[in-house]
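> got a predicted structure here, sequence first:
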Amino acid sequence: MSIHAQRIFPGRLKQAFSAEVARLLERRAVSLLWAKRPELWTHDPGHARLIAHRLGWLDAPHTMLAEVERLRAFACEVAGEARHVVVLGMGGSSLAPEVFSLSFPAPPGMSFSVLDSTVPAAVLAAERAVDLRRTLFLVASKSGTTIETLSQFRYFYARVEAAAGQPAGRNFIAITDPSSPLEALARERSFRHVFLNPSDIGGRYSALSYFGLVPAALWQIDLDGVLQSALAMREACGPAAAPEVNPALQLGALLGAAAAAGLDKLFLLATPRLAPLTDWIEQLVAESTGKEGKGIVPAAREVAGSAELYAEGCSVATLAFDGDERSELDRLTGALERLGVPLVDIRLSRGEDLGGEFFKWEAATAIAGAVLGVNPFDEPNVKESKDNTARILAQRSAAGILLASDALLNLFAGSAARHRLAASSLSEALRGFFALRRPGDYLALLAFLPRAEPWAGSLDAIRLLLRDRLRLPVLVGYGPRYLHSIGQLYKGGPAAGLFLMITAEDPEDLPVPEAGYTFGALKMAQAHGDFEALDRRGKPVIRVHLAGLEAGLERLRQLLVEAA
């Protein structure tokens, strides 16, 4: 990768951007980052101890280069037996593997998929797409306690055992931290292999560790090329690099200066092959910066609209491979520059350059955290929704008060919105909800639905309808996946946002072996738990529950046409 394939245009932030770069240089920010000094972000002893144990990603390109031959040999060993690879993981354990798998062509005769959902239909689809006896399941969890991942493991372990008529351990490998409960479980069940990741690498910074590279090796990706790209970028972003050509310093300063100036929305536009990378960036940026009432609000997989949609309150990143069709991106970029919208334009030469891009965004996000004065390596508001899930699973309680309904859907409101939504009909309730928006707001669609067609297409159409009608950013998050990414920002970030949650009846539910609950019950507990967490913070949140997916989504679209 050309380490200079990034162009910064600060636009109306020119003075603020230059001043921020100067402040970072005065603080010796890059040197402190490379020296792993917590005072770059905080002088609080508790935060400093956590940060000191979360900077291993800086060394990952060097560390993992020594593991390439071992990973390649393991992939060759497995290739003779497995025709399908399925990653069971959430957030930082699943997003980088998904980027790799969707950015490179499939090896002959193999399939690769990521299951990061508790929606029963998604679990069933993953099962029906493979021959269980010839499938290798990657159970990936840093903590080894992730409820979604362990539930998926229990289900597929039982299904493989039933299909093969013998213990299923050889169909599973684990990627986790040393001494985690998942390591113990993997040893107990005789997993084929256990990869113990360095414990000083946080989940969202783990793309260039075992969490990203084991799946990449199984997908027969050139790991040498990926890591050499990361090493070249590491050098370019280091303290010896001239500030004006340091990609991480420049990008981090732009992101931080934009958020500090009130331009806290980051629209991520990419050509199709790089669209999955925007999901990974969304998690990294949102979960790292969205806390203490501050943060950058990233909009992944944004579809280019008119330049005026991005004229206020935002910055824009465009991503493409050389040779991609990008006439629409170029048109938009030119229009944005004329409007003075801050932007960064990024071009990659080849797939292996993802290694450098992963590293650059990690370093830039750490620097943006320093600009905003937040600890980019914790996630203080994630645990609340997890705790709510456990309580609701035990109690089988629901969240929200029914406001309006018809044969196809029910609408529930949280206390922060309910007293302002006196409604006699669904369209009136939705109209009142959208009327709650304020300058600087965004709308988040939180969809506990299968992340597959045709439902994904219906949700994308709803997103564009609301974006263009309401003239505000519309973000789409699939539950429970978003709980491990942008969900931290929704609860801990800026005091903004309207939240429209979508849940649905499950035509077929699945019991989770050894757990005492079903996937459908877990999914609904996660939805209700996050609904409660948002409502408790005074966030305007409503939930639409669909009686059926296809008819329910179409009914919702019709209501939104009337209400928006």
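That came through, no problem.

> going forward, measure contacts and count neighbours with C-alpha atoms only.
Fine.

> just the strands in the stretch 51-200 of the chain please.
84-88, 111-115, 135-140, 172-176, 193-196 (DSSP state E, counting those that start in this stretch).

> which residues does Gly92 contact?
203-207, 211, 280, 283, 484 (C-alpha atoms under 8 Å, 6 or more residues apart in numbering).

> out of those, the closest to Ser425 would be?
Nearest to Ser425 out of those is His484 (C-alpha to C-alpha; 34.1 Å).

> quick one: the spatially closest residue to the closest one that is not a sequence neighbour from Arg481, how far?
For His484, ignoring the flanking residues on the chain, the nearest one in space by C-alpha to C-alpha, 6 or more residues apart in numbering is Gly91 at 4.9 Å. As judged by C-alpha to C-alpha, to the nearest Å, Gly91 and Arg481 stand 7 Å apart.

> for the strands of the stretch 51-200 of the chain, which one sits closest to Val78?
strand 135-140 (8.3 Å).

> now that closest one: mean pLDDT?
Per-residue pLDDT over strand 135-140 has a mean of 98.

> by mean pLDDT, flag the weakest helix or strand of the chain.
helix 382-395 (a mean of 76; mean pLDDT, DSSP states H and E).

> which element follows that helix toward the C-terminus?
strand 401-405 (DSSP states H and E).

> after that following strand, heading C-terminal, what element do we hit next?
Beyond strand 401-405 on the C-terminal side, the first helix or strand identified by DSSP H and E is strand 409-413.

> related to what we said a few turns ago, dump the strands of the stretch 51-200 of the chain to a markdown table, plus distance to Met524.
Conversion of those to a markdown table gives the following (distance: least, C-alpha to C-alpha, whole Å):
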| stretch | distance to Met524 |
| --- | --- |
| strand 84-88 | 20 |
| strand 111-115 | 18 |
| strand 135-140 | 23 |
| strand 172-176 | 27 |
| strand 193-196 | 32 |
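
> quick revisit: was I right about the residue nearest to His484 contacting Ser485?
Yes - using C-alpha atoms under 8 Å, Gly91 is in contact with Ser485, at 5.9 Å.

> for the strands of the stretch 51-200 of the chain, give me JSON lines that also has distance to Ala22 and mean neighbour count.
What follows is the strands of the stretch 51-200 of the chain, written out as JSON lines (distance: least, C-alpha to C-alpha, whole Å; neighbours: other C-alpha atoms under 10 Å):
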{"stretch": "strand 84-88", "distance to Ala22": "43", "mean neighbour count": "23"}
{"stretch": "strand 111-115", "distance to Ala22": "42", "mean neighbour count": "20"}
{"stretch": "strand 135-140", "distance to Ala22": "41", "mean neighbour count": "26"}
{"stretch": "strand 172-176", "distance to Ala22": "40", "mean neighbour count": "25"}
{"stretch": "strand 193-196", "distance to Ala22": "40", "mean neighbour count": "18"}
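
> quickly list the domain ranges of this structure.
6-59+232-372, 68-226, 382-563 (automatic domain parsing).

> span of the second one from start to end?
By that I understand domain 68-226. By C-alpha to C-alpha, the extent of domain 68-226 from end to end equals 11 Å.
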